[in-house]
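Chemist: Dropping a prediction and its sequence here:
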Amino acid sequence: MKDANSIILLALARLLRPIVRILLRNKVSYKTFEEVARQVFVEVADEHFGVTGRKQTNSRISVVTGLSRKEVLRIKRLSPLEDRDLADQFHRAARVVSAWTSETDFMDAQGNPKTLPFDGPTNSFSALVERYSGDVPARAMLDELAAAGVVEADFNRQITLKRRSYVPSGDDTQMLRLLGTDVGDLANTIVHNFSVPADQSRFQLKVAYDNLPEDGLAHFHNMVSERGYEVLVDFDKYLRQQDRDTNPSVKGRGKVRAGVGIYYFQEQQEDAL
């Protein structure tokens with residue numbers, strides 16, 4: 001039976017393989033990866049692995065990480081590895097599309113998204129963007145959604161929604177930002193569930209089988225896309241009503257980021273018939 005460290009290392013290898021493919025594709029060397037890893041080790045040890053009741057020290061971080069005290073000091077002098085706006089552009093665009101497909105001001109009598117004029121104080125694309133994306137200019141949001149194939153504008157500046165969800169396809173920069181946030185969100189949920197009693201765990205479920213013929217997977221993928229979208233629309237409506245950015249009247253303590261993700265996965269098995 002494998003010990004805990006062996007299982008962790010095998011899990012790490014599985015996690016790293018797709019990430020390394022992305023790094024190599026984007027010409028990120030091992031040396032660069034190692035430098036980022038060193039900095040993350042120091043930042044996490046500094047924040048989460050101190051001794052209760054004592055001030056965190058470089059010596060303690062050195063013991064926890066296996067790095068020398070000189071190296072810990074060097075790394076702590078670097079700028080923090082953070083980008084508070086890492087996925088902000090994505091989330092703002094996603095909120096705009098979500099509201100367009102669920103808010104009555106921007107839908108017709110049949111419940112379909114209206115074609116919107118670009119300008120106008122109400123029921124326009126500019127009004128939609130102002131209401132649901134904060135201070136992003138409507139022109140910039142239009143360019144972003146058009147580049148992703150989500151909207152189409154005619155010569156009269158009438159904006160039509162072509163897709164009911166926003167994924168920055170074809171944009172490596174935005175997709176890499178999603179790698180940082182979405183994989184990080186899942187990993188944080190798994191880590192949380194490791195460290196709390198069962199009655200305090202966060203929702204984390206999946207279904208998977210490993211001896212499936214390829215023939216039926218297209219239908220299953222469509223099923224996931226359609227039903228998953230419907231579920232997420234319901235979740236989005238609830239969260240939007242609770243979010244202070246879109247509903248300033250909401251009261252309560254603290255400032256929390258929360259959500260849910262649904263994704264489809266598929267990989268070829270080596271011993272497939």
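Modeler: Thanks, I have the structure now.
Chemist: drop to CA atoms for contacts and neighbour counts, all remaining ones
Modeler: Noted.
Chemist: At the geometric centre of the protein, which residue do we find?
Modeler: Nearest to the geometric centre of the chain sits residue 182, at 3.2 Å (Cα atoms, centre = their mean).
Chemist: That one: what secondary structure?
Modeler: What DSSP: H, G, I helix; E, B strand; the rest coil gives for residue 182 is helix.
Chemist: Give me the distance between it and residue 91.
Modeler: 12 Å (Cα to Cα, to the nearest Å).
Chemist: Point out where the stretch 151-273 of the chain drops to low pLDDT.
Modeler: Applying pLDDT under 70 to the stretch 151-273 of the chain flags the ranges 168-177, 271-273.
Chemist: Now with 80, please.
Modeler: Counting by pLDDT under 80, the stretch 151-273 of the chain has low-confidence residues at 165-181, 270-273.
Chemist: quick one, strands of it?
Modeler: 151-153, 158-161 (DSSP state E, counting those that start in this stretch).
Chemist: could you say what helices and strands the last one packs with?
Modeler: For strand 158-161, the elements it packs on are strand 116-117, strand 151-153, judged by 3 or more Cα pairs under 8 Å, 6 or more residues apart in numbering; DSSP states H and E.
Chemist: can you list the domains in the protein?
Modeler: 1-82, 85-201, 205-273 (automatic domain parsing).
Chemist: picking that back up, out of the strands of the stretch 151-273 of the chain, which gets nearest to residue 120?
Modeler: strand 158-161 (11.5 Å; Cα to Cα).
Chemist: partner strands of that closest one, parallel or antiparallel?
Modeler: Strand pairing for strand 158-161, determined by DSSP bridges: strand 116-117 (antiparallel), strand 151-153 (antiparallel).
Chemist: Show me which parts of that strand are buried, residue by residue.
Modeler: 158, 159, 160, 161 (16 or more other Cα atoms under 10 Å).
Chemist: residues in contact with the last one?
Modeler: The neighbours of residue 161, taking Cα atoms under 8 Å, 6 or more residues apart in numbering as the test, are 113, 114, 115, 150, 151, 152.
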